[in-house]
Every structure is written in C-alpha cells, then in structure tokens.
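Trainee: Coordinates for the following, if possible.
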Amino acid sequence: MALELNDALDALQLSGIRRITAKAKQTPGCVLLTLGEPDGDTADEVKREVGVSLEANDTHYPPNNGKEHLRNALSAHMARRGLSYGPDEVIVTCGATEALFVALTCVMNPGDEVIVPTPAFGLYESIVALNRGTFVALDTSKTAFQIDEAALQSAASERTKAIVLTSPNNPTGCVYDEASLEAVARFARERDVFVVCDDVYANLVYDDFPYRGFACRYPELRDRVIVCDSFSKPYAMTGWRLGWVAADASIVAQMAKIHQYMVSSVPSFVQRAAERALEQDVAPARDLYRDRRDYVLQRLEGMGLSCVHPAGAFYVFPSIERFGMSSEEFCLRLIDEAGVALVPGSCFSAEGFVRLSYCCSMQSIEAGLDRLERFVRDLEAAQA
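Mentor: Numbers count the residues shown, from 1 in each chain. Take a look at the predicted model:
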C-alpha cells in the first residue's frame, strides 16, 4: 500500500502574507507594509522579569493551563474590560494562534460548518479545514464590513456549528457596530451555535475605549462564547508567542485536553513577564497608531484609493478594483515596479482590495506611500 499523508493538508497553502513578505525581502530596497508586527520593542521591565525568573531557576514544568498568578492576572485584566472569567476558566496558550486552534477544535466535528465574516485572517479557514469542516465565508464587503443579518441567516445550515468574530478586524481595522453584534447574538440564541471571539486587537480601539466586544455585551451567552486573546499586538510581544483562551468552565475542561496534548504548557520562565506586561499602559501605542492611521487615510484619499475608515487595529484595506487586475497581480507589480509591498486581498478571502499595515515606522510609511502614489499615477496614466 502506498504511503499516504493527511489529505486535509492537500488544500492548505502556506501563508500568503509571508509569501509576499519573503518576495519583498528579496527585492533590494523594498519597503514592507505587510506584517502586523509593531515596530516598538517589548518594555524593558517586562524583559527583565525573564532574567529574574531564570535566576530563580523557574525552569521546571509549570501547570498545563498556566501558573496561578498569571491566570489570576488575566482574570483581573479581562474583568477591567467587562469580561467575567475566573482563573480556572483561562488557559495560557502559545499565542492566539493556538488559542484559536484549541477553541475551534474543541467545538467542531467532521462536516461541521463555521461561518466567518470576510475579509478575514486566513488562519480560520486553515483550522476549519484541518478539523475536516467547511469554511463558510460571509461577505461583508458590500455593507461597509458590517454584518448583515439577512446574509448571516442565509449563510447558515443545519450543519452550522460556530461563527468567528474579529473586532477590531484584520484586515479592515473595522469595529463591529451594535447592529452587527445584535444580529450575531440573535443568531447564536436561535440556532445554538458557538461564537469564537478573536479579541487580539481589543486594546487597540481608537475612539471607543475601553471597547465592549461581543462577550462583554452578552454575558447571558457565556455557555457558547469562547474568547481568544494575545500579548503580541498591544504589548509588542509577537516573538514571545503568548496568548490565552477563556470560556465557561465546562468548555475550558475540554479545551485543556487539546492544549495539554498539543503543547503541554507555555514556558515557565516567561509567565512572570507576561503578568508584568498586563500592567503596561497601551494608551501611548494606541495614540501613535491613531496618528499614523490619520496620515495614511489622508494620503490614500489623495490617491483616490477609497477605504472604510478603520476604528482600531493597525491596518487599512483600500479598494483597487478600478484598476481591473487581481489583488495578487497588483501587489506583485507593486513590488517589482515601485519597491513597496502590500498584502493582496485574496489572502483574506476578499478580492479587489489590498491590506496596508501602519504599525511600522513613519519613515517606512511615508516612503511606502510615496512609492504607492507614483505606482497609482502610472496605472491611471496607462488607463487614460
């Protein structure tokens, strides 16, 4: 018998974001506006905690779900945002990536369907595929990236098991409004589906902070809500690979099994540092990103590139539909002809758009936008 691998892998592709970024890095002088990685460094007081922990020989197996002091701190941190999860309802994970994998794996059976409002981060589709499920895209591009209740109902079937919410959104930066959240709440009640909340940008909402997301607004649905979060974005800790997942105790008990057999635990000696990170004030970073957003929007408007104004995160998602080419072709030509890299909308199940990340330095943003503008003007001249 021929050797066979897991056929669920056949349809999976490596990250398009990383592929475009790799091409850009191989292009001399190319300006990268691709990755969602803050340009700042982890706070010194957070980094120092790792040294203290190592000096104290904190190098042995920790509890699988995370040390008690960190789970207590995460419980208190979420309480300040209006979320009520006890320390025993929290699992410390290897980033939000593991948190999302654990969450969806916990609720899915083969053949189940998961609705994801698109544009969306490609990770969700990959996790659904690995769990032998069906990814159901709910296109929000015609409704200013908000959720239309009729469209949501039309996307459902008897196999619908969950919906994934990302607010603020990657790649659009949009925050779901009250009508969108209420539509999802009615849907979750009526159809008995799980709501997986990817809250990694919840601390980076510009005009309505502290942000009250889905889990905050509908505590009566906690039996079907799972919250995934991360240290990466608000605390400039992408390389630490630290996050958490929180849910009702009955769900956490099952997720803990997946987490234990997948990674056992996160490293012991970084958990004091993680607790210290939660004490950091993210307001300066939020203000910095807001200023960058305003600059980027002003520049894009001057180029005639329309986009829905982001209310959080650190991305804009302008339309390039008028140029009559795919987002992949647009971005590849942009690298080759102008020396600046953006991410094709096709990486987010949304053709006709590109994602621009503004969490890099202002020098890179200004240089990248100058090059983008020249590229746009050349395209316009060719169309004239």
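Trainee: phi, psi of residue 285?
Mentor: phi -70, psi -40 (degrees, to the nearest 10).
Trainee: ignore the last one, residue 351
Mentor: phi -70, psi 150.
Trainee: what's near enough to touch it?
Mentor: Going by Cβ atoms under 8 Å, 6 or more residues apart in numbering, residue 351 touches 326-327, 345. The C-beta positions use only the backbone N, C-alpha and C, and glycine is treated the same way.
Trainee: Sitting in helices, which of those do you find?
Mentor: Of the contacts of residue 351, the ones assigned to helices by DSSP state H are residue 327.
Trainee: Helix or strand: which one has residue 297?
Mentor: If you go by DSSP states H and E, residue 297 is part of helix 283-303.
Trainee: Tell me the helices and strands packed up against that helix.
Mentor: Counting contacts by 3 or more Cβ pairs under 8 Å, 6 or more residues apart in numbering; DSSP states H and E, helix 283-303 is packed against strand 315-316, helix 362-383.
Trainee: was I right about residue 30 contacting residue 337?
Mentor: No: counting by Cβ atoms under 8 Å, residue 337 is not a contact partner of residue 30; they are 11.1 Å apart.
Trainee: more crowded one of the two?
Mentor: Neighbour count, other Cβ atoms under 10 Å: between residue 30 and residue 337, residue 30 has more, with 21 against 13.
Trainee: That one: what's it in contact with?
Mentor: Residue 30 touches 24, 335, 339-341, counting by Cβ under 8 Å, 6+ apart.
Trainee: In PyMOL, how would I select the buried members of the residues you listed?
Mentor: In PyMOL syntax, the buried subset of the contacts of residue 30 is picked out as below (16 or more other Cβ atoms under 10 Å):
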select buried, resi 24+335+339+340+341
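Trainee: Residue 353 versus residue 322, what's the distance?
Mentor: Using Cβ to Cβ, to the nearest Å, one gets 12 Å for the distance from residue 322 to residue 353.
Trainee: which of the two has more neighbours?
Mentor: Taking other Cβ under 10 Å, residue 322 and residue 353 do not tie; residue 353 has more neighbours (25 against 14).
Trainee: For the more buried one, give its distance to residue 371.
Mentor: Counting by Cβ to Cβ, the gap from residue 353 to residue 371 is 19 Å.
Trainee: next one: residue 81
Mentor: 39 Å.
Trainee: now swap in residue 339 and tell me
Mentor: 6 Å.
Trainee: overlap in contacts of these two?
Mentor: residue 31.
Trainee: How many residues are close by the closest residue to residue 241 other than its chain neighbours?
Mentor: Spatial nearest neighbour of residue 241, excluding adjacent residues (Cβ to Cβ, 6 or more residues apart in numbering): residue 95 at 4.5 Å. By other Cβ under 10 Å, 22 other residues sit near residue 95.
Trainee: Give me the pLDDT for residue 360.
Mentor: Residue 360 carries a pLDDT value of 94.
Trainee: same deal with residue 115?
Mentor: Confidence at residue 115, expressed as pLDDT, is 98.
Trainee: Report how many residues lie close to it.
Mentor: 24.
Trainee: got it, and residue 137?
Mentor: 16.
Trainee: again with residue 27
Mentor: There are 15 residues near residue 27, going by other Cβ under 10 Å.
Trainee: Can we start the residue count at 432 from this point?
Mentor: All set: I'll call the first residue 432, so the last point we hit is now residue 458.
Trainee: Got phi/psi on it?
Mentor: Torsion angles, degrees, to the nearest 10, at residue 458: phi -100, psi 110.
Trainee: again with residue 594
Mentor: According to degrees, to the nearest 10, residue 594 has phi -130, psi 140.
Trainee: does the closest residue to it other than its chain neighbours sit in a helix, a strand or a coil?
Mentor: Leaving out its chain neighbours, the residue that sits closest to residue 594 by Cβ to Cβ, 6+ apart is residue 546, at 4.4 Å. Following DSSP: H, G, I helix; E, B strand; the rest coil, the label given to residue 546 is strand.
Trainee: circling back: now, which of the contacts of residue 461 lie within helices?
Mentor: 455, 766.
Trainee: Helices of the protein, start to end?
Mentor: Using DSSP H, helices in the chain cover 447-456, 475-486, 499-511, 526-538, 554-561, 580-586, 609-622, 645-648, 680-694, 702-708, 714-734, 758-769, 793-814.
Trainee: could you dump the ones you listed to a markdown table with distance to residue 634?
Mentor: Converted to a markdown table, the helices of the chain look like this (distance: least, Cβ to Cβ, whole Å):
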| stretch | distance to residue 634 |
| --- | --- |
| helix 447-456 | 22 |
| helix 475-486 | 15 |
| helix 499-511 | 10 |
| helix 526-538 | 13 |
| helix 554-561 | 20 |
| helix 580-586 | 27 |
| helix 609-622 | 18 |
| helix 645-648 | 13 |
| helix 680-694 | 22 |
| helix 702-708 | 11 |
| helix 714-734 | 7 |
| helix 758-769 | 29 |
| helix 793-814 | 21 |
